[in-house]
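**Q** can't give you the sequence, but here's the structure:
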DNA sequence: AAAACACTGCACCGCTGGTATAGCTAACGA
DNA sequence: TCGTTAGCTATACCAGCGGTGCAGTGTTTT
């Protein structure tokens, strides 16, 4: 299991691939680009991954884990600042907006957003992976909403699912717009607008 | 100028291309796919378009015109139902949600959303076209907001730009989510949530 | 009749994703 | 110590792709 060189090479390929793909896009990145940067041969690449599709799969898997961890960390951070479930969500959203707002230049862009359209047409397994990730995010927010609803009344009542999905919608859509209009702050502003909506729905101070 | 056969061939290529691309994605569609369906040779294709890039340009241009027209039509329809600028926007959003909700199966998906990520990396002119389109949509909503603000007070005050962008964000993000989760109603629900937000901001009945 | 337009048909190019295979080397288990 | 295996390298090759170039052809415009 603890194969020394194996993991380091595989990991190096993934890191190089992610870096190049965020600059040039998935389809715009050739395998040769990746193996040049990762200093490995084509044979070595295909030893580790089942082609470009297999690479995409591994990248999305990796990204979803990292991304979910960031969300969980911010929730934990928010959890230390308040015991009120509504305020926890509001603080979480503010922290997230800050995180995106502080990113240098045009933020790297969410790999999920970058893959979604390609994946729809090209690869079933990647599509499933992304779907699962999206469902997880929905569930993450819905958990919060359930806790909030135990103490607060939503007015007007919006479906938890729709409000939870709006979180993802704002992030994915925000990234698309921010990148196209080259406005770095846009994503943070959109998250704060979503936050203001949640706040109003629960009539918070 | 009024070359008879020219326009019909060009238009036929555009129509076939759009149909295939909405099914297989831009990068997933080969020029051969298109010329087969449009019953034209490769030479003929390159006579009309400056490669796949030139085709993308023409497609986006075409799409933006059609799309803006749909928005304007719905605004006009809403305009006939009320004279109040706030209610006009709210009716417009409801009509738009209905339009998306009534689309059969998984809706075809916005070509703009489909092209955004590819365009960022591949083509500067297409990127500019899309940017202009996005700015136009922002301006379209901001005009409405300006009129509303003459009669209503927004509370809390959100930047017009952010609220206007949120319209596009919800549509683009909603399409991404709806396609990935294969939930047709999601986009309509998101537009209605956005509508509810606008309504609350202006404290409407 | 000449010129321009709107193509067809074909040959060709370089790059890309992907396959195959032979061989080399360091580590690890028997 | 020896064989096996994991983890590669090197090389050669393939089909499909986007794209180019050009000679020829019918049709329409001037």
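**A** That came through, no problem. Note that this is a predicted model, so its numbers are computed, not measured. Numbers count the residues shown, from 1 in each chain, chains lettered A, B, ... in the order given.

**Q** how many neighbours does residue A:100 have?
**A** For residue A:100, the number of neighbouring residues by other Cβ atoms under 10 Å in any protein chain shown comes to 21. Any C-beta I mention is one placed from the backbone N, CA and C, and that applies to glycine too.

**Q** before we move on, what about residue A:9?
**A** Residues within reach of residue A:9, counting by other Cβ under 10 Å, total 18.

**Q** Now do it against DNA strand C, distance only.
**A** To DNA strand C, residue A:9 is 13 Å away according to Cβ to the nearest atom of the strand, to the nearest Å.

**Q** go on, residue A:201?
**A** Look at residue A:201 and DNA strand C: by Cβ to the nearest atom of the strand, they are 46 Å apart.

**Q** Which residue ranges of chain A form helices?
**A** Secondary structure of chain A (DSSP state H): helices at A:4-24, A:31-38, A:42-48, A:51-81, A:85-101, A:111-122, A:124-149, A:160-181, A:185-201.

**Q** Residues touching the second one, excluding its own?
**A** Here helix A:31-38 makes contact (Cβ atoms under 8 Å, 6 or more residues apart in numbering or on different chains) with A:9, A:12-13, A:15-17, A:19-20, A:24, A:41-42, A:44-45, A:52, A:55.

**Q** nearest to residue B:193, of these?
**A** residue A:24 (35.0 Å; Cβ to Cβ).

**Q** mind giving me a markdown table with the helices of chain A and columns for distance to residue B:66 and mean pLDDT?
**A** Output for the helices of chain A, formatted as a markdown table (distance: least, Cβ to Cβ, whole Å; pLDDT from 0 to 100):
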| stretch | distance to residue B:66 | mean pLDDT |
| --- | --- | --- |
| helix A:4-24 | 30 | 83 |
| helix A:31-38 | 36 | 94 |
| helix A:42-48 | 43 | 95 |
| helix A:51-81 | 32 | 93 |
| helix A:85-101 | 33 | 96 |
| helix A:111-122 | 20 | 64 |
| helix A:124-149 | 28 | 93 |
| helix A:160-181 | 19 | 93 |
| helix A:185-201 | 26 | 97 |
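
**Q** Using TSV, lay out these together with distance to residue B:143.
**A** Shown next, in TSV, are these (distance: least, Cβ to Cβ, whole Å):
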stretch	distance to residue B:143
helix A:4-24	36
helix A:31-38	45
helix A:42-48	53
helix A:51-81	37
helix A:85-101	27
helix A:111-122	29
helix A:124-149	33
helix A:160-181	18
helix A:185-201	19
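
**Q** count of neighbours near residue A:33?
**A** By other Cβ under 10 Å, the residues close to residue A:33 number 16.

**Q** quick one: contacts for residue A:193?
**A** Counting by Cβ under 8 Å, 6+ apart, residue A:193 touches A:170, B:158, B:162, B:163, B:166, B:197.

**Q** what do you get if the cut-off is 6 Å, keeping everything else the same?
**A** Shown in contact with residue A:193 (Cβ atoms under 6 Å, 6 or more residues apart in numbering or on different chains): B:162, B:166.

**Q** And residue A:42, by the same measure?
**A** With Cβ under 6 Å, 6+ apart, residue A:42 has these contacts: residue A:35.

**Q** how about 7 Å then?
**A** Neighbouring residues of residue A:42 by Cβ atoms under 7 Å, 6 or more residues apart in numbering or on different chains: A:31, A:35.

**Q** and it, how far is that from residue A:13?
**A** 12 Å (Cβ to Cβ, to the nearest Å).

**Q** shared neighbours, the two?
**A** Residues touching both residue A:42 and residue A:13 by Cβ under 7 Å, 6+ apart: none at all.

**Q** among the contacts of helix A:31-38, which ones are buried?
**A** A:9, A:13, A:16, A:17, A:20, A:45, A:52, A:55 (16 or more other Cβ atoms under 10 Å in any protein chain shown).

**Q** which among those residues gets closest to DNA strand C?
**A** Closest approach between the buried ones among the contacts of helix A:31-38 and DNA strand C, by Cβ to the nearest atom of the strand: residue A:52, at 3.3 Å.

**Q** Return the distance of the residue lying closest to that closest one once chain neighbours are set aside relative to DNA strand C.
**A** With Cβ to Cβ, 6 or more residues apart in numbering or on different chains as the criterion, residue A:52 has its nearest non-adjacent residue at 6.1 Å, and that residue is residue A:31. Using Cβ to the nearest atom of the strand, we find residue A:31 at a distance of 4 Å from DNA strand C.

**Q** Next, count neighbours for residue A:31.
**A** Counted with other Cβ under 10 Å, the neighbours of residue A:31 add up to 15.

**Q** Also residue A:150?
**A** Burial of residue A:150 is recorded as 7 neighbouring residues (other Cβ under 10 Å).

**Q** just the one 4 residues further on next, same as before
**A** One way to gauge burial is a neighbour count; for residue A:154, by other Cβ under 10 Å, it gives 16.

**Q** DNA strand C contacts on chain A?
**A** Contacts of chain A with DNA strand C, taken as Cβ under 7 Å from any atom of the strand, map to A:4, A:29, A:30, A:31, A:32, A:33, A:42, A:43, A:46, A:51, A:52, A:53.

**Q** contacting residues for the last one?
**A** This means residue A:53. residue A:123.

**Q** State the distance from it to residue A:125.
**A** Look at residue A:53 and residue A:125: by Cβ to Cβ, they are 8 Å apart.

**Q** The closest residue to residue A:152 other than its chain neighbours and residue A:147: what is the separation?
**A** Nearest residue to residue A:152 in three dimensions, chain neighbours excluded: residue A:202, at 4.6 Å (Cβ to Cβ, 6+ apart). Residue A:202 is 12 Å from residue A:147, where distance means Cβ to Cβ.
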